[in-house]
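Enquirer: Return atomic coordinates for the entry below.
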Amino acid sequence: MRIELVKRKEHSRKMALLSPVIAVGLTLVAAAILFAASGTDPFLGLYKFFIEPLTDSWSVQEIIVKATPMVLIACGLAVCYLSNNWNIGAEGQFIFGALCGSFLPIVYPEFETSLTLPLMLVLGALGGAFWALIPAVLKTRFNANEILTSLMLVYVASLLLDYLVRGPWRDPGGYNFPESRLFSEAATLPLIGDGRMSIAAPVAVVVVIVLAIVLARTLKGFEIRVMGESPRAGAFAGFSAKRLTLFAFALAGGLAGLAGTMEVSGSLNQLLPTISPGYGFTAIIVAFLGRLNPVGILVAGFVLALSYIGGEAVQASMGVSDKIASVIQGLLLFFVLACDTLILYRIRLHSRRTTATGEVSRA
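Expert: Below you'll find the model as predicted:
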């Protein structure tokens, strides 16, 4: 017996829209099985994971805080994936952007003017774009696989962050703890409300709106879609695959770097050895769950942020492992890809029969 995936001549648009909903439903079922297997009440686990965080204003603010960097990163990744460029290193671009954005408040703490924060954001975006352009240049110049190069640079950025906060950028008054000095008020994002939510949240919404208009209403958006679906047709139209690769990676890295800078200048207010719980990798799930559409990404980012807060809730109240959130996020990505695969392809079974001459025939 052999299983084949055969591309469908046509696929249902309705099912394509319902695919994320089906994936979320299957994830809920799988999560219930996980809770039951761990010896806890599955219904109570699902309530505390998915519902209880939405009933408290503080938890909702925390969800928005965690959703903001994932939405920004996923918007940039969506441009890469739509143009058929597989950027897997957004986590490294997030970290390197945070490092570049933190340069002023750490190395020049006395520089406290109205320009401090804007310069930090610009440096963070440029740093993330630079880090993303490395695999882009390697791909366009040497035909290197961007999946491998962008992923390997994640570990380079992580080790560089660890070196700086334990060495040259360690807080001289921090009792040898591996952390940078606290940022000054001029280098801190203004907060909204009485929680940790900052102006980074409305910035992310603005980016979503602008990118949605660019992809749907501009020539650049048309170029991205055409080159992603048919590079040969795009070449006939005069579009350059190399220039688009550089643009897509630079945009994705710039948004990831901006997210990193806003994370350290808003939520954390300093550099630590670990400044991200994996936002760059989770943003890949956000991008695909949102159907590579900026508005869908905004909703998907909220859902994935809910998984972080829900994971902390079940860990604290039910004693479930702190890895449960990562497992559920992985299951969600698996079901999203599985649903998409079945929408685009149909399963065909081939059975083998032995003939009288001993030859094997396939039905």
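
Enquirer: C-alpha from now on. contacts and neighbour counts both.
Expert: Will do.

Enquirer: Can you list the buried residues in stretch 65-76?
Expert: 65-76 (16 or more other Cα atoms under 10 Å).

Enquirer: List the contacts of it.
Expert: Applying Cα atoms under 8 Å, 6 or more residues apart in numbering, the contact partners of stretch 65-76 are 90, 196-198, 200-201, 204, 207-208, 211, 248-249, 251-256, 259-260, 263, 267, 279-280, 282-284, 286-287, 292-294, 297-298, 301-302, 304-305, 308.

Enquirer: hmm, 7 Å instead?
Expert: Residues outside stretch 65-76 that contact it (Cα atoms under 7 Å, 6 or more residues apart in numbering) are 90, 197, 200-201, 204, 251-252, 255-256, 259, 279-280, 283-284, 286-287, 294, 297-298, 301-302, 305.

Enquirer: just stretch 108-126 next, same as before
Expert: 97-98, 100-102, 104, 186-188, 254-255, 257-258, 261.

Enquirer: I'd like these written out as JSON lines, with distance to residue 85 added.
Expert: Formatted as JSON lines, the contacts of stretch 108-126 follow (distance: Cα to Cα, whole Å):
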{"residue": "97", "distance to residue 85": "20"}
{"residue": "98", "distance to residue 85": "24"}
{"residue": "100", "distance to residue 85": "25"}
{"residue": "101", "distance to residue 85": "26"}
{"residue": "102", "distance to residue 85": "29"}
{"residue": "104", "distance to residue 85": "33"}
{"residue": "186", "distance to residue 85": "38"}
{"residue": "187", "distance to residue 85": "34"}
{"residue": "188", "distance to residue 85": "34"}
{"residue": "254", "distance to residue 85": "16"}
{"residue": "255", "distance to residue 85": "16"}
{"residue": "257", "distance to residue 85": "18"}
{"residue": "258", "distance to residue 85": "20"}
{"residue": "261", "distance to residue 85": "24"}
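
Enquirer: which residues in the stretch 101-250 of the chain form helices?
Expert: Using DSSP state H, counting those that start in this stretch, the helices of the stretch 101-250 of the chain run over residues 103-107, 116-142, 146-166, 200-217, 219-229, 231-236, 241-262.

Enquirer: Return the most buried member of the ones you listed.
Expert: Most buried of the helices of the stretch 101-250 of the chain by mean neighbour count (mean count of other Cα atoms under 10 Å) is helix 241-262; its value is a mean of 28.

Enquirer: just how off-centre is that helix within its chain?
Expert: 13 Å (Cα atoms, centre = their mean, to the nearest Å).

Enquirer: Just want the angle from the very next helix or strand once past that helix to helix 146-166.
Expert: Scanning forward in sequence from helix 241-262 by DSSP states H and E, the next helix or strand is helix 279-289. Angle, helix 279-289 to helix 146-166, by axes from the mean of the first three to the mean of the last three Cα atoms, to 10 degrees: 150 degrees.

Enquirer: which helices and strands does the next helix or strand after helix 279-289 pack with?
Expert: Counting by DSSP H and E, the next helix or strand C-terminal to helix 279-289 is helix 294-318. Packing contacts for helix 294-318, counted by 3 or more Cα pairs under 7 Å, 6 or more residues apart in numbering; DSSP states H and E, involve helix 57-82, helix 200-217, helix 279-289, helix 324-344.

Enquirer: okay, those helices in CSV with mean pLDDT next?
Expert: CSV is the format used below for those (pLDDT from 0 to 100):
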stretch, mean pLDDT
helix 57-82, 95
helix 200-217, 96
helix 279-289, 94
helix 324-344, 87
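
Enquirer: of those, which approaches residue 161 most closely?
Expert: helix 279-289 (15.3 Å; Cα to Cα).

Enquirer: what does the closest one contact?
Expert: 20, 69-70, 73-75, 77-78, 90-91, 94, 297, 300-301, 304, 333, 336.

Enquirer: Only alpha carbons, please: show that helix as PDB.
Expert: The C-alpha atoms that make up helix 279-289 are tabulated as PDB, following Å, rounded to 0.1, in the frame of the first residue of the first chain:
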ATOM      1  CA  TYR A 279       8.500  35.300  19.700                       C
ATOM      2  CA  GLY A 280      10.400  34.900  16.500                       C
ATOM      3  CA  PHE A 281       9.500  31.300  16.100                       C
ATOM      4  CA  THR A 282       6.000  31.600  17.400                       C
ATOM      5  CA  ALA A 283       5.400  34.400  14.800                       C
ATOM      6  CA  ILE A 284       5.800  31.700  12.100                       C
ATOM      7  CA  ILE A 285       2.700  30.100  13.500                       C
ATOM      8  CA  VAL A 286       1.000  33.500  13.700                       C
ATOM      9  CA  ALA A 287       1.700  34.200  10.100                       C
ATOM     10  CA  PHE A 288       0.300  31.000   8.800                       C
ATOM     11  CA  LEU A 289      -2.700  30.900  11.200                       C
END
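
Enquirer: I am finished for the moment; much appreciated.
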